[in-house]
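In: Got a sequence here, can you model it:
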Amino acid sequence: MAGIYVHVPFCKVKCHYCDFHFSVQLKNRAALIASICNELVIRQNYIGDEPVRTIYFGGGTPSVIEIELLNEILQTIRLNYTIDPDCEITLECNPDDLEEEKLIALHKFGVNRLSIGIQSFNNNVLEFMNRAHNSTQATNSVIMAKACGFDNITIDLIYGVPGTTMETWKNQLDLMLELGVPHLSAYCLTIEENTVFGNWQKKGKLKPYEDQESLKQFQYLIDFMEKNGYEQYEISNFARPSFISKHNSAYWLGEKYLGVGPSAHSFNGAKRSWNVANNPKYIQLIKKEEAFNEEETLSLKDQFNEYILTRLRTKWGIALADLTEISAEMLADSMPVLMDNIAEGNLVKNGDVYTLTNQGKYIADGISADLFSDVP
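Out: Numbers count the residues shown, from 1 in each chain. The predicted structure follows:
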């Protein structure tokens, strides 16, 4: 099984925290969607003859463009790839883009999962982050989506936001639960250098949230979600039974995927490739049938380190058998670090599988970096 990721690089506004590739200039959207369709045809052999189990429209904000353009992409995929009958088709969307007519059309065209970028139900927080929607739109988008036939819905929420309190965060989770959302992706606010927040921080206009306060919110999140029947299957992702994201899980489990559109990444098991992150250049290169991406073959060290980076974040953890298959020498080099983290309470061992404890989840990136192999 394989997945297809479609990067739709358009947004209404630039959020203050975002450093993804996108444009707020929508005038060339039809040409760009046509180029994405052409790329899908050009690269139809990338994942071999494996059935497509997941299709994911990300960005950017795919919901900002016309439904007909999104359907063109879906139709191109259906004509050129073998689609699994139970294919999960996800669309990232913002609350302010969702209206009944659009939701009905999306459902009709085959989209069966919505990822709604709510980020917060608090108007002050939404304004601070420069989101285009308000709290009422956030709540109504979920209610409307469910009324239009979408039962597989995930929302994004952000914690660790400067100026907020634990009460603010608790209210977000209470609202999420009240709305009956079956999947939540919750992220700690990270201030990236090339963002508005990054610029504010440089100028002293923004003081980052204290790590200890973010940790308290994260710990409350874990306890709250478990108490209410959600499984934390990845550090930032929580799902009720049968609502785990198939697409994102495939990334973490090392399955093949084709990424199309500007800046999209692909992986076929041995090589990783990435498309040019420039909309006009991408369109021109596709039109001229010239190279629009770069690729690299993963070394054993790359495979070893990437396995740790992706799998350690999940409930499936890292298995010694898998690491031995990649490189027994590299595993031997990393074993002392594994043992140290067990002693420190960051990891737990079950058979030959190591998973993060709740304590370890907050410092997962650091643990992964320590476990990376330095063997040439």
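
In: you'd agree Asn152 is up against Asn112?
Out: Yes. The criterion here is Cβ atoms under 8 Å, and Asn152 meets it with Asn112 at 6.0 Å. For every residue, glycine as well, the C-beta is placed using N, CA and C.

In: what sits in contact with each of those two?
Out: Glu88 (Cβ atoms under 8 Å, 6 or more residues apart in numbering).

In: Just give me how far the helix or strand containing Phe218 sits from the chain centre.
Out: According to DSSP states H and E, Phe218 maps onto helix 211-227. Using Cα atoms, centre = their mean, to the nearest Å, the distance from the centre of helix 211-227 to the centre of the chain it belongs to is 20 Å.

In: which is the next helix or strand following that helix?
Out: That would be, after helix 211-227 and using DSSP H and E, strand 231-234.

In: Next, the buried residues of that following strand.
Out: Residues of strand 231-234 classed as buried: 232-234 (neighbour count, 16 or more other Cβ atoms under 10 Å).

In: For those, give me CSV that also has pLDDT.
Out: Below are these laid out as CSV (pLDDT from 0 to 100):
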residue, pLDDT
Gln232, 98
Tyr233, 98
Glu234, 98
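
In: ok so, going back, who does the helix holding Phe218 touch, helix- and strand-wise?
Out: strand 153-159, helix 166-178, strand 183-188, strand 231-234, helix 358-361 (3 or more Cβ pairs under 8 Å, 6 or more residues apart in numbering; DSSP states H and E).

In: for the record, mean pLDDT for stretch 301-316?
Out: Averaged across stretch 301-316, the pLDDT comes to 96.

In: Run through who's touching that stretch.
Out: 231-235, 249, 251-254, 298, 317-319, 322-323, 326-327, 330-331, 334, 353-356, 364, 367-368, 371-373, 375-376.

In: Which ones among the residues you listed lie within helices?
Out: 249, 251-252, 322-323, 326, 330-331, 334, 364, 367-368, 371 (DSSP state H).

In: Contacts only, for the residue most central in space within the chain.
Out: The residue lying closest to the centre of the chain (Cα atoms, centre = their mean) is Asn248, at 6.5 Å. Contacts here follow Cβ under 8 Å, 6+ apart; on that basis Asn248 touches 234, 237.

In: swap in Val276?
Out: Contacts of Val276 by Cβ under 8 Å, 6+ apart are 262-263, 282, 285, 292-293.

In: Quick one: buried ones out of those?
Out: Neighbour-count burial (16+ other Cβ under 10 Å) applied to the contacts of Val276 gives 262-263, 282, 285, 292-293.

In: Among the residues you listed, which lie within strands?
Out: Asn293 (DSSP state E).

In: Pretty sure Gln359 sits against Gly345.
Out: Yes. Gln359 is in contact with Gly345 according to Cβ under 8 Å; the separation is 5.4 Å.

In: ok, back up a step: can you pick out the most distant pair from the contacts of Val276?
Out: Ser263 and Leu285 (13.1 Å; Cβ to Cβ).

In: can you dump the C-alpha coordinates of the helix holding Phe218 into PDB?
Out: The C-alpha coordinates for helix 211-227 follow below in PDB (Å, rounded to 0.1, in the frame of the first residue of the first chain):
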ATOM      1  CA  ASP A 211       9.000  25.500  29.000                       C
ATOM      2  CA  GLN A 212       7.600  24.400  32.300                       C
ATOM      3  CA  GLU A 213       4.200  25.900  31.600                       C
ATOM      4  CA  SER A 214       4.100  24.200  28.100                       C
ATOM      5  CA  LEU A 215       5.000  21.000  29.800                       C
ATOM      6  CA  LYS A 216       2.100  21.400  32.300                       C
ATOM      7  CA  GLN A 217      -0.300  21.900  29.400                       C
ATOM      8  CA  PHE A 218       1.100  18.900  27.600                       C
ATOM      9  CA  GLN A 219       0.800  16.700  30.600                       C
ATOM     10  CA  TYR A 220      -2.800  17.900  31.200                       C
ATOM     11  CA  LEU A 221      -3.500  17.100  27.500                       C
ATOM     12  CA  ILE A 222      -2.200  13.500  27.800                       C
ATOM     13  CA  ASP A 223      -4.300  12.900  31.000                       C
ATOM     14  CA  PHE A 224      -7.400  14.500  29.600                       C
ATOM     15  CA  MET A 225      -7.400  12.600  26.400                       C
ATOM     16  CA  GLU A 226      -6.800   9.300  28.000                       C
ATOM     17  CA  LYS A 227      -9.500   9.900  30.500                       C
END
